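Participant: Output the structure for:
(one chain, ligands or ions: 2)
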Amino acid sequence: MRRSIATVSLSGTLPEKLEAIAAARFDGVEIFEPDLTGFPGRPRDIRDMAADLGLTIELFQPFRNAEGLGPAAFQRTLHRLERKLDLMEELGAPLMLVCSNVEPDAIDDDGLAAEQLRAMAERAGARGIRLGYEALAWGTHVSTFDHAWRLVERADHPHLGLILDSFHTLALPHDWSGIADLPGERIFFVQLADAPRLDMATLMLSRHHRCLPGQGELNVGGFTEAVLRAGYTGPLSLEIFNDALRSAPTRQTAKDGMRSLLHVEEQVRRVEAARRILSDGVAETKSIATAPRRVELFDPPTPARLDGVAFVEFAVNHAAQAKLADELKRLGFRRLGRHRSKDVDLYGMGDIRFVLNAEPHSTAHSYYLLHGASVCAIAYEVDDPLRAVGRAEAFGCPRFEGRVGPNELSLPGIRSIGGELVYFTRRRADGSIDFETDFLLDDGGAAQPDAAHRIDHIAQVLPEGALDAAILFHRAVLDLEPEPVVVLADPFGLVRSRAISDQRRRVRFPLNIASGRNTSAARSVSTYLGAGVHHIALETSDLFAAAERLRATGVAILPIPANYYDDLAARFDLDEDLLATMTRLNILYDRQGDGEFFQLYTQPFEGRFFFELVERRGGYDQYGAANASIRMAASSQLGAHDTLVG
Ligand SMILES: O=C(O)c1ccc(O)c(O)c1
Ligand SMILES: [Mg+2]
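Facilitator: Numbers count the residues shown, from 1 in each chain. Ligands and ions are numbered 1, 2, ... in the order given. Modelled structure (predicted):
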């Protein structure tokens, strides 16, 4: 598959954009006219620049409000067209995007529009240039792909074809199943963009909130599969109008764009596979469903099976190491061992493993210097760690090789987008996890019942604008799926939160973005330079027993106001004794259908992160979003130092 991107998708000057696009290994580029008009050189300089970078200029766009015009206005269109064809000849662009007329006075006459498109195609054809007609979703008379196709078919000119754009096709409630029946050779170009489903005018959604495929909620994979089934063989080109990307780092956007296209290609394979299974046995649909595809698609190693979080690694110095160890012991963790060659301790409770890394001259140490005591790595338990790394590399993640001492294992790992490390490790037949061989294990200490047995979720805060990239990373690399966005109220602003998780809910990450400057999440990001783990929730089978134990060992629990419990009593029919116990133990509550959720929070560690204990009953599948605002308000009442992560 040839991969392309429109220059409007990136920030920067035109040369910066082209360099970033080439560095991310795109094959081609759509030149968006304002990028050219504002460039202090001639079109031929742009052609040379693209050629030097190994980029094909696929298309020049947009040519607007060209059809459905009265005679005088159409004469002006033809005049304008000739000037732009001059430009395109110099630019070396073979295809012009003509979008459907959006002027209120456009004439509603298909015959006229088709005739005018034909006249334009005749002019373009004389120069060896082709025109592609695209329906804008807010076009005055032509707003759907099938209407645009009827005009193209009626105009019947070899230099006129159809341009399909996933946004315009999928954003409207319009049946797009006919795409696969279009003649593929008449589809001249395909643009891809995703978007969230927001209740706003399509024009606003398109101009400001498009996002990379995989970051939004449109079925871009299904759309692309239909386009390829129609027999289309041209490039897939990203066209992302997005406010945040206009100011995001250019190279990062280009890299994310490539990851997104690769993700779409894999989605297409999945749609094809599902279609093949569906059509098995239905003879007449079988040939259509399994007609050989004409282009090759990205085929990465399949996702490894995710069985959970194997360990979480904290970057600490000696003082923080001792303090965190003390906190963990009060929570019920035991020291399980010490690293063979490094200043690193392993703590555990149930299946939970925390690594406290105070080794000087290590990646963890650099992380500590930059961010303070914080989570610097997360390791996943998978069935095949090397396949997991191979897949991540295929999606453009740099592999990480740490320093390995004698008798130590080299853990396969990658650097994640925020700079933290991601490791993959495997459980052995004897039940131990691979990475534990690096530790000289203690022989235990007094066994006590575990307060918690596994990690339920790890919540992270991300800088403004980083959520979409994080969603795409986890989706493409780890095959996690995003859950719906929720908005949480902090006393000093709003926090947008979107969780991503695997189907079996072995791994769950709520990702939080603070939109104000003063929310706890925003202050945490600015104080500690970047993203980070905000809290770790541990799952327990008996939160009430665990809470009593934490009280006894002196863990500082976040105090919850009495008003909250009055409100609970009003909202839910809860047993009075239960409510009294929850009040005493600062346990919060939520309900979803028959499912119930109990949770409590510890006070923040060094103002950086905290722990949560949760008990899920009866299939409760959320995170107590209703309680997050209570938590943020409650922690704002703590001492100034401790309020940072709220
Ligand atoms: O918003 C627009 O005007 C616009 C222009 C060109 C396109 O290809 C498109 O999808 C939208
Ligand atoms: Mg478009």
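
Participant: Report how many residues lie close to whichever residue of the stretch 301-450 of the chain sits closest to ligand 2.
Facilitator: Minimum separation of the stretch 301-450 of the chain from ligand 2 (CB to the ion) falls at residue 396, amounting to 25.0 Å. Just so you know, the C-beta spots here come from the backbone N, C-alpha and C atoms, and that holds for glycine as well. Residue 396: 17 surrounding residues under other CB atoms under 10 Å.

Participant: got a list of what it touches?
Facilitator: By CB atoms under 8 Å, 6 or more residues apart in numbering, residue 396 lies in contact with 255, 258, 259, 262.

Participant: One more: residue 123?
Facilitator: Residue 123 is in contact with 78, 81, 82, 85, counting by CB under 8 Å, 6+ apart.

Participant: now do 10 Å
Facilitator: Applying CB atoms under 10 Å, 6 or more residues apart in numbering, one finds that residue 123 lies in contact with 78, 81, 82, 85, 129, 131, 159.

Participant: Can you give me the pLDDT of the third one?
Facilitator: Confidence per residue is given as pLDDT, and for residue 82 that number is 98.

Participant: The residue in the stretch 51-200 of the chain that ligand 2 sits nearest to: what's its closest spatial neighbour, skipping adjacent residues?
Facilitator: At 3.6 Å from ligand 2, residue 165 is the closest residue in the stretch 51-200 of the chain, using CB to the ion. Distances taken as CB to CB, 6 or more residues apart in numbering place residue 191 nearest to residue 165, at 4.2 Å, with adjacent residues excluded.

Participant: show me where the stretch 151-300 of the chain has helices.
Facilitator: 166-171, 202-208, 220-229, 250-279, 283-289 (DSSP state H, counting those that start in this stretch).

Participant: Using CSV, write down the CA coordinates of stretch 133-144.
Facilitator: Extracted in CSV, the C-alpha atoms of stretch 133-144 (Å, rounded to 0.1, in the frame of the first residue of the first chain):
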residue,chain,number,x,y,z
TYR,A,133,-14.3,15.1,-7.2
GLU,A,134,-14.9,14.8,-3.5
ALA,A,135,-18.2,15.3,-1.7
LEU,A,136,-17.9,17.5,1.4
ALA,A,137,-20.4,16.4,4.0
TRP,A,138,-21.7,20.0,4.2
GLY,A,139,-21.8,20.5,0.4
THR,A,140,-24.8,22.6,-0.6
HIS,A,141,-26.3,20.0,-3.0
VAL,A,142,-23.6,17.2,-3.2
SER,A,143,-22.7,15.9,0.3
THR,A,144,-22.4,12.1,-0.1
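
Participant: so is residue 378 in a helix, a strand, or just coil?
Facilitator: Recorded secondary structure, residue 378: strand (DSSP: H, G, I helix; E, B strand; the rest coil).

Participant: What is the burial count for it?
Facilitator: The number of residues packed near residue 378 is 22, by other CB under 10 Å.

Participant: Residue 612 against residue 547, yeah?
Facilitator: No. With contact defined as CB atoms under 10 Å, residue 612 does not reach residue 547; the gap is 11.9 Å.

Participant: Need the residues touching each of these two.
Facilitator: Residues touching both residue 612 and residue 547 by CB under 10 Å, 6+ apart: residue 600.

Participant: Report the contact partners of residue 613.
Facilitator: Contacts for residue 613 were tallied using CB under 10 Å, 6+ apart; they are 331-332, 451-452, 456, 537-540, 543, 546-547, 550, 555, 557, 587, 598-602.

Participant: er, residue 621 actually
Facilitator: If you count contacts by CB under 10 Å, 6+ apart, residue 621 has them with 483, 501, 505, 508, 592, 593, 595, 597.

Participant: Please spell out the PyMOL selection for the buried subset of the residues you listed.
Facilitator: This is the PyMOL syntax for the buried subset of the contacts of residue 621, where burial follows 16 or more other CB atoms under 10 Å:
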select buried, resi 483+501+508+597
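
Participant: Among the contacts of residue 621, which ones are in helices?
Facilitator: Among the contacts of residue 621, no member falls in helices (DSSP state H).

Participant: nearest to residue 346, of the contacts of residue 621?
Facilitator: For the contacts of residue 621, the residue nearest residue 346 by CB to CB is residue 508; the value is 23.3 Å.

Participant: Buried ones in the helix or strand where residue 584 lies, by neighbour count?
Facilitator: Secondary-structure assignment from DSSP states H and E places residue 584 in helix 576-585. By 16+ other CB under 10 Å, the buried positions in helix 576-585 come out as 579, 582, 583, 585.

Participant: Need the pLDDT of the residue of the stretch 301-450 of the chain closest to ligand 2.
Facilitator: Per-residue pLDDT puts residue 396 at 95.

Participant: Just confirm it is within a helix.
Facilitator: No. Read with three-state DSSP, residue 396 is coil and lies in no helix.

Participant: hang on, the earlier thing: now do the contacts for the residue nearest to residue 165.
Facilitator: 4-6, 30, 59, 61, 97, 132, 134, 163-169, 235-240.

Participant: burial measure for the residue of the stretch 151-300 of the chain found nearest ligand 1, as a count.
Facilitator: Nearest residue of the stretch 151-300 of the chain to ligand 1, counting by CB to the nearest ligand atom: residue 165, 4.7 Å away. Around residue 165 there are 25 other residues, counting by other CB under 10 Å.

Participant: and it, what is it in contact with?
Facilitator: Residue 165 makes contact with 97, 99, 134-137, 145, 171, 189-193, 206, 210, 223, 237, 239, according to CB under 10 Å, 6+ apart.

Participant: These: which ones sit near ligand 2?
Facilitator: 191, 239 (CB under 5 Å from the ion).

Participant: Buried subset of the contacts of residue 165 as a PyMOL selection?
Facilitator: One line in PyMOL is enough to select the buried members of the contacts of residue 165, burial here meaning 16+ other CB under 10 Å:
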select buried, resi 97+99+134+135+136+137+145+171+189+190+191+192+193+206+210+223+237+239
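
Participant: would you turn the contacts of residue 621 into TSV with pLDDT and distance to ligand 1?
Facilitator: Below are the contacts of residue 621 laid out as TSV (pLDDT from 0 to 100; distance: CB to the nearest ligand atom, whole Å):
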residue	pLDDT	distance to ligand 1
483	90	29
501	97	32
505	96	37
508	97	35
592	94	39
593	94	41
595	97	42
597	98	43
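
Participant: From the contacts of residue 621, which land in strands?
Facilitator: Using DSSP state E, the subset of these located in strands is 483, 501, 508, 592, 595, 597.

Participant: and which of those is nearest ligand 2?
Facilitator: Within these, the smallest distance to ligand 2 is 29.0 Å, found for residue 483 (CB to the ion).

Participant: where's the nearest residue to the closest one once chain neighbours are set aside relative to residue 623, distance?
Facilitator: Of all residues beyond its chain neighbours, the one nearest residue 483 is residue 499 (4.3 Å), with distances taken as CB to CB, 6+ apart. Per CB to CB, to the nearest Å, residue 499 is found 6 Å from residue 623.

Participant: and what of residue 124?
Facilitator: 55 Å.

Participant: Ligand 2 contacts on the chain?
Facilitator: With the criterion set to CB under 5 Å from the ion, the chain comes near ligand 2 through 165, 191, 239.

Participant: give me that answer again for 8 Å
Facilitator: Residues of the chain found near ligand 2 (CB under 8 Å from the ion) are 6, 61-62, 97, 99, 134, 136, 163, 165, 167-168, 191, 193, 239.

Participant: could you point out where the stretch 151-300 of the chain is predicted with low confidence?
Facilitator: Within the stretch 151-300 of the chain, the ranges that satisfy pLDDT under 70 run 281-290.

Participant: got the residue ranges for the helices in the stretch 301-450 of the chain?
Facilitator: Along the stretch 301-450 of the chain, counting by DSSP H, counting those that start in this stretch, helices occupy 318-331, 363-371, 385-394.
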